Structure formats: structure tokens, C-alpha cells
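Trainee: Turn this into a structure:
(2 chains)
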Amino acid sequence: MADHKHSANQNSEHAFVRAEDAPLLPPPATEAGITGWLWQNIFASMADFSSAGASLRSACVAALTVFLLYFGFAQIYTLLDFGVFSAVWSDPDELKREACWTVDQGGGLPSGWHAACWPFIYAKHKFIMYGAYPSEELWRVNLSVLLGIAGLAYVLIERLPRRREVGAMMLTLYPLLCFILLTGGNLAIPFGSIGLWLIIGLAVISLGRLAKRGFLGSTLSEFHAFIGLTGWAFVIYNTVRGLGAVDFGLEPIDTRDWGGLLITLVVAVTGIVVSLPLGIILALGRRSEMPAARLICTVFIEFWRGVPLITVLFMASVMLPLFLPEGVNFDNLLRALIGVMLFSAAYMAEVIRGGLQAIDKGQYEGAQAMGLSYWQSMRLIILPQALTHVIPGIVNTFIGLFKDTTLVSIVGIFDLLGAGQSAIADAAWSTPVQATTMYLYIAIIFFVFCFGMSRYSIYMENKLSKSRRH
Amino acid sequence: MAAKVTASKMNISDEVMISMQAVNKWFGSFHVLRDINLTVHKGERIVICGPSGSGKSTLIRCLNRLEEHQDGEITVQGITINNDLKNIDEIRRDVGMVFQHFNLFPHLTILENCTLAPIWVRKMPKAEAEAIAMKYLERVKIPEQALKYPGQLSGGQQQRVAIARSLCMEPKLMLFDEPTSALDPEMIKEVLDTMVALAEDGMSMVCVTHEMGFARKVANRVIFMDEGQIVEQNEPEAFFNNPQSDRTKLFLSQILDH
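Mentor: Residues are numbered from 1 along each chain as shown, chains lettered A, B, ... in the order given. Model prediction:
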């Protein structure tokens, strides 16, 4: 130890003074670079030959690795072979089902052939995308979807200016526009009833204002937010109904003719967009100090969580009409939509409540001590942090909701899966691979959407954790 | 540390800042504050000390209604603290508070932490709020950190930001709840220096702290609490050199003799 000097205090054997800094050395090969990656991720668990037992274990791990790699690649190859290499891609002679028949079945493909029959998907594509939506009106669906994608992309890309304003438009004007474009308006709703309900809504809002000022006694003043919200719900619902009743010169299209991916997107997007704010309100309500608000929210959440979605959809479509007076008739799709919204809002509320509980009490106190009101501290301090914590849970609920939309086919609404299934029943395309091809195609569509959501959530998490490193 | 705050700078006026009359508080059946009577004048600097669980923090948290008292009367700047939310809002606007664990908002930058309350509570334009925030960040000597997030700062820096954040509301009274207890030893001084500077400017302060050097230097009065009661209060010299109560003597012997 040449560079260690024992000169300072020779009397004590513990005395030590460093004269030169220890050198900074590069890391060993097992810690950095490609070798390091391979070592840490693949070979680390199978390179210990220090004893007989350890060597046996390493050999087993190596064998297992090779087997799993083989198994994985074999599966991927099978899938690619089915979907790409051996698949039938075109049907130039318009043979329909015979294009995908083997020699044994009377077609031209070699015996034992088993792969995707994509011409079947081309032929049914319009149906599984739009259902029975009239062909000459498809531009309305396409325009809605394109506007939606453009708006969503604009809001998700962070460098663009005025994202907040665009986002607000996407949440207010865009749904109205879609509603008019997709249904065509011109619904048979008397304007008198809409006007009456609008006036009632405005009256309830005014009542909420009066209650807030304390003119109606302390009990009602505690519920001013609830009264106000109810009023706004009336006004918004009837504004939408009023718009729907206007004749825009578009051909009205009954929701019974909607189908396929269109239905899946309408149900999923509505459910996602509504369940988040509703879930936030329910979660805050459940943690509220006001017993009435807490009770209402808890009962609501537990009720909807306690019922399977299939039951909800059945109740909405079969039972509800029995209780409504004669002549009052909700649209079947609207009933399913409301069911899905409330159902997913209850789940969302519990996810968000988890996030709220993870926030340190000091954050609430810090906000309070600075004089922020309850709603200000929730909006500016608590919710941004709570929602960030539970992004994985929120996106999980979104993905679950997106896939659960397939259940609407049980009440006679043909979503993507339902439309695909009824397309399979077409005898003109009857082949042994017909169903498999369709399910593969539907699976790819679902995967693209769900994987997209999942990746965006991971991106958001990384971004937020980078800027707020603790 | 800065020199001892001289008597000429003390500027204690007759105006009453805080008045607590026969205040009692219970947590469930536990009687946490017992018959508290305290008057603090404008410009006074009070240090509250005492063993843990003696109700010191609870006392100052009652002064801005982070805790609710059940009995007695508390007025701050002449405004009575009761269930009237308007009064509470008004008091919180004028009373700054610094916490043991800083309670900065981790999702906002230092500057945003400082401008939040001026913008949303005082309805100040953003540019003006930022100017004020920078003024106070310079005063606590960390203007260069303005665009960082709290998690990127050391504990001492975070606590100085927390002080600056409170000052941005231009409070008439500052409450400190054990501001140095969660800090590493080498960071305590920078926070105490900031607090001493604040005291020199004549800020009314109520500090719960065990920093007896700070108490000697800055306080007009030291209050000793035990079991929810004010056991003894006196000017710092007399308090430290000539404690009267046995409990005070015991407490001082425990924290001063190492």
C-alpha cells in the first residue's frame, strides 16, 4: 500500500490520512455494453460451474432457455405461416369460398392446407367496420373517425400549442358533431318538451346558485354543488336532444343499422370519456366529509360493482322498457351506453380512490394552509398527483372497458365481434378456415387498440416520473 | 448565524396578533390542549418547546384551523376562528405556515409552488406573481432553482422554498411547525439563518422548535408546554438561565446537556 501514508499520527494504529484519491476505473465487461447486457439478462443464471450442483443447475437453465426460445419462435412462425406465408390473399376470379378450398374439398389448394382466407375479410370488411350503415352515407362515419383521430393525435402530442383548447373542443363540440353526423339528426322529438326541460334545468341551476348563497337554509346550501350539477345535466341532455331534433339535411340513420367497429368505438369512447370525470366525482364523494355525499357515492359504487355487466345490459335492454310508460322509448344503443358508462365509472372511482389515498396528508394541509379552497386544492394539488399515481390502473380499466364492449352483442347490438360472428355465418364463404380468419382479424384490431393504449400509458408514466424524480 | 436581533429592531406594537382564551381541545377522549391562554402582539417572536406529545404542534395548527378546537376562543388579527368558512379563508390568506416535512407540491416546479396561492387565492396576474416569487426566492438565496422540481433539491433547500412559498402570500404572521426536525444536521443552519433574517425584518412568528440557539437569539418569549398545558413562559435569558418549574428544568437538562 504505497499510497497510504501513516504519517499523521504514528502513535495510533487507527490513524489514517489519504494522500491520493483512489483511481476511477472503467466497469468490468459484465456490467456494461452488449456483453454486459447478454451477461446480465441471459447468461448470468447459467454460468456458475463452481460445484457439481451449480453446474447441473446451469445446464438445466441453459436447456430450458433453448427450449423456450424454440417454443416461442415456433409459435410465432405458426402464426405468421397461417396469417401471411400460406394465406390466400386475393380472389381474382371471384370464386368466393372455392378460392379457399383444398383439392379434397373441390378447390385448387393443396391437400392439408390450413391458413387465412383474406378475401373473405375483404368481402365482409364494410360489414364488420360499419354494420348495416348505408354505403352512400359512410362518409359521415369516416369523417367522424378522422376528426377524432386528428383531434386525439393533436392533444396527445405535447409540443403543439393550444392543446388545452383543442382538448376542450374534443370533449364538447366533437361529441355533438359526431352525434349529428352519425344519427343524422331529425329525431322525432317535439321542441315543446325540449324547451320545457331546458327551462326546468335552468330553474334548477338557479336554485343551486341560491342555495350556494345560503338563501335556502344550511341543509340545501351543503348540496348546492349537487343541485347545480343536476341542473346542468338537464340542460346539457336537452341541448343535445334539441340539436338531434333539428333537420340538418342529413338522412337519419337508426342505431339498429349501426354495427361493427363503429359500435365498438362509440361504446368504448363514450364509456372512457364519461367514466373518468364521473369516477373522479364518485371517488371524491366517497372520501368526502359530508355523510350524505359519502353514502350516495358509496352505495352507487358498490351497487354497480356488485352487478355483472351482462346483467346491467340485460336490465337496460329488456327490463327497463317494462317499467317505462307506454310510448316512452329509449334507443337500445343509448340504454347500453348508459349502462356501460355507469358500470365503468364505478370501477374508475375505486381506482382513483386508491390514488387519492396514496397522497400524503401534508399535501392537503399545505394546500389548506395556503388558503386554497377544497375544489382548488383537489384540482391543482391532489388530483394531478393522484391520477399520475394510478395511470396504470386507469388505463387498465380503459382496456378492460374496450374489450367488455363485446358484451353488447348479447342485447342484439352488433359490435365488432358480433358483426364478425354474423359474417362467419355466410354460406357463400363457407370454408374450414373462415371462422379462424375472422377471429384472427378481430383479435388484431383489438390488439392494436389495446396495445396502443398500453404503450401511451407507459410513455406517460416515464415522462412524468422523469420530470418529478424524487 | 446573524448577530443577535437587537431590541431596537424588535418593533413590538400594542396591536394583538393572536389571542387564545381558555382554549381546550380533545382528540376523541384525549384532552390534548388544556386551558390555553396566550396573547401574541404584532412583531413578537414566540418559540414553543416541550416534549413530544405535549400539544405544541396542535396548538399552532389551531391558529389556522388545520385542527379544530372545541372550547374557548381564538382570534387571529381580530378575526374569530369558528365554523364560518369565510373567516377561515381570510385568516389563511394572512397566516403563512411552514411544516416539518415541507409539504411542497412535488408535481410543480419551485416557481409554480410559489406562485400557486398568489394566483389562485389572491387572483394576482401570473407575471406579477412570478416577480414576487423570484423576489422571495432570492431572499432565501435559491433563485437559480426556480425551474427545478422539489424532488431535485436538498432538504434544506426545500425548506427554504417552503418559507419563500409562504412569504409570497405576504403574510402578517408566520407559523413554523418544527421546521428543522426533518433536516440533516448540515442543513439546519441554512434554514435557521433564513428564519433569523425574517425575524430581523419584524415578522410576527410562532415557532415550534427544539433549536435552543435560535430561541435565545430570536425569541421575545419562550413557552414551555407539557401535557397540553403552558407550564412556563418567559424571556429567553430568564427561561434558560433561571427556569422555575421542575418540569422545565428536567426538559432543559435533557435537551441541553449532551
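Trainee: show me what contacts the residue of the stretch 1-150 of chain B found nearest chain A?
Mentor: Taking Cβ to the nearest Cβ as the measure, the point where the stretch 1-150 of chain B comes nearest chain A is B:Asn103, at 3.4 Å. Yep, even glycine has a C-beta here, placed from its N, CA and C like the rest. Going by Cβ atoms under 8 Å, 6 or more residues apart in numbering or on different chains, B:Asn103 touches A:Asp360, A:Gly362, A:Gln363, A:Glu365, A:Gly366, B:Ala162.
Trainee: give the contact list for the fifth one.
Mentor: Residues in contact with A:Gly366 (Cβ under 8 Å, 6+ apart) are A:Ile381, B:Phe99, B:Asn103, B:Leu104, B:Phe105.
Trainee: which SS class is it?
Mentor: What DSSP: H, G, I helix; E, B strand; the rest coil gives for A:Gly366 is helix.
Trainee: per-residue confidence averaged over stretch B:83-102?
Mentor: The average pLDDT within stretch B:83-102 is 91.
Trainee: Now find how far off-centre that stretch is within its chain.
Mentor: The chain centre lies 12 Å from the centre of stretch B:83-102; the measure is Cα atoms, centre = their mean, to the nearest Å.
Trainee: now the end-to-end length of it.
Mentor: 27 Å (Cα to Cα, to the nearest Å).
Trainee: same question, stretch A:429-439
Mentor: 15 Å.
Trainee: The residue nearest the centre of chain A and A:Gly271: what is the separation?
Mentor: In chain A, the centroid-proximal residue (Cα atoms, centre = their mean) is A:Phe398; its distance is 2.7 Å. To A:Gly271, A:Phe398 is 9 Å away according to Cβ to Cβ, to the nearest Å.
Trainee: cool, A:Trp118 as well?
Mentor: Look at A:Trp118 and A:Gly271: by Cβ to Cβ, they are 31 Å apart.
Trainee: pLDDT at the residue of the stretch 351-470 of chain A found nearest chain B, what is it?
Mentor: Residue nearest to chain B within the stretch 351-470 of chain A: A:Gly366 (3.4 Å; Cβ to the nearest Cβ). Looking at A:Gly366, its pLDDT reads 95.
Trainee: Please apply the same query to B:Val191.
Mentor: B:Val191 is given a pLDDT of 93.
Trainee: Residue numbers of the stretch 51-200 of chain B in contact with chain A?
Mentor: Neighbours of chain A within the stretch 51-200 of chain B, by Cβ under 8 Å from any Cβ of the partner chain: B:64, B:66, B:89, B:92-93, B:95-97, B:99, B:101-107, B:116-117, B:120-121, B:149, B:151-152, B:165-166, B:169.
Trainee: give me every residue that touches A:Gly339.
Mentor: Residues in contact with A:Gly339 (Cβ under 8 Å, 6+ apart) are A:Leu309, A:Val312, A:Leu313, A:Met315, A:Ala316.
Trainee: do A:Leu181 as well
Mentor: If you count contacts by Cβ under 8 Å, 6+ apart, A:Leu181 has them with A:Arg140, A:Val141, A:Leu143, A:Ser144, A:Leu250.
Trainee: and it, what pLDDT?
Mentor: 87.
Trainee: downstream neighbour of the helix or strand hosting it in the secondary structure list?
Mentor: A:Leu181 belongs to helix A:163-183 when assigned by DSSP states H and E. Using DSSP H and E, the helix or strand that follows helix A:163-183 towards the C-terminus is helix A:191-213.
Trainee: Run through the helices of the stretch 151-258 of chain B in chain order.
Mentor: Here the stretch 151-258 of chain B has its helices, by DSSP state H, counting those that start in this stretch, at B:155-167, B:185-200, B:212-218, B:236-241, B:246-256.
Trainee: circling back to that earlier point, among the residues of the stretch 51-200 of chain B next to chain A, which are located in strands?
Mentor: Using DSSP state E, the members of these that fall within strands are B:Val95, B:Gly96, B:Met97.
Trainee: what's the closest of those residues to A:Tyr441?
Mentor: Distance to A:Tyr441, by Cβ to Cβ, is smallest for B:Met97 among those, at 61.1 Å.
Trainee: Show the end-to-end separation of stretch B:143-159, please.
Mentor: OK, stretch B:143-159 end separation, Cα to Cα: 14 Å.
Trainee: so for it, what's the average pLDDT?
Mentor: Averaged over stretch B:143-159, pLDDT sits at 93.
Trainee: out of the contacts of B:Asn103, which are buried?
Mentor: Listed as buried from the contacts of B:Asn103 are A:Gln363, A:Glu365, A:Gly366, B:Ala162; burial here means 16 or more other Cβ atoms under 10 Å in any protein chain shown.
Trainee: what about the first one, helix or strand, and which?
Mentor: The one in question is A:Gln363. helix A:361-369.
Trainee: Helix B:155-167 and that helix, what's the angle between them?
Mentor: 30 degrees (axes from the mean of the first three to the mean of the last three Cα atoms, to 10 degrees).
Trainee: and the next element down the chain from helix A:361-369?
Mentor: Counting by DSSP H and E, the element after helix A:361-369 in chain order, helix or strand, is helix A:374-377.
Trainee: Centre of the chain to that next one, how far?
Mentor: Chain-centre distance of helix A:374-377: 28 Å, with Cα atoms, centre = their mean.
Trainee: who wins for neighbours among the contacts of A:Leu181?
Mentor: For the contacts of A:Leu181, neighbours were counted by other Cβ atoms under 10 Å in any protein chain shown; the highest total belongs to A:Val141, with 23 neighbours.
Trainee: residue contacts, it?
Mentor: Contacts of A:Val141 (Cβ under 8 Å, 6+ apart): A:Tyr130, A:Tyr133, A:Leu181, A:Leu182, A:Leu262.
Trainee: now with 6 Å?
Mentor: A:Val141 sits next to A:Tyr130, A:Leu262 when contact means Cβ atoms under 6 Å, 6 or more residues apart in numbering or on different chains.
Trainee: so which helix or strand takes in it?
Mentor: helix A:138-156.
Trainee: low-scoring pLDDT stretches of the chain, where are they?
Mentor: Let's take chain A. Residue ranges of chain A with pLDDT under 70: A:1-11, A:218, A:222, A:326-329, A:466-470.
Trainee: sorry, should have said chain B
Mentor: B:1-11, B:257-258.
Trainee: Apply 50 and report the result again.
Mentor: Chain B contains residues with pLDDT under 50 at B:1-4, B:6-9.
Trainee: helix or strand for A:Ala283, which one?
Mentor: Secondary structure (DSSP H and E) places A:Ala283 in helix A:261-286.
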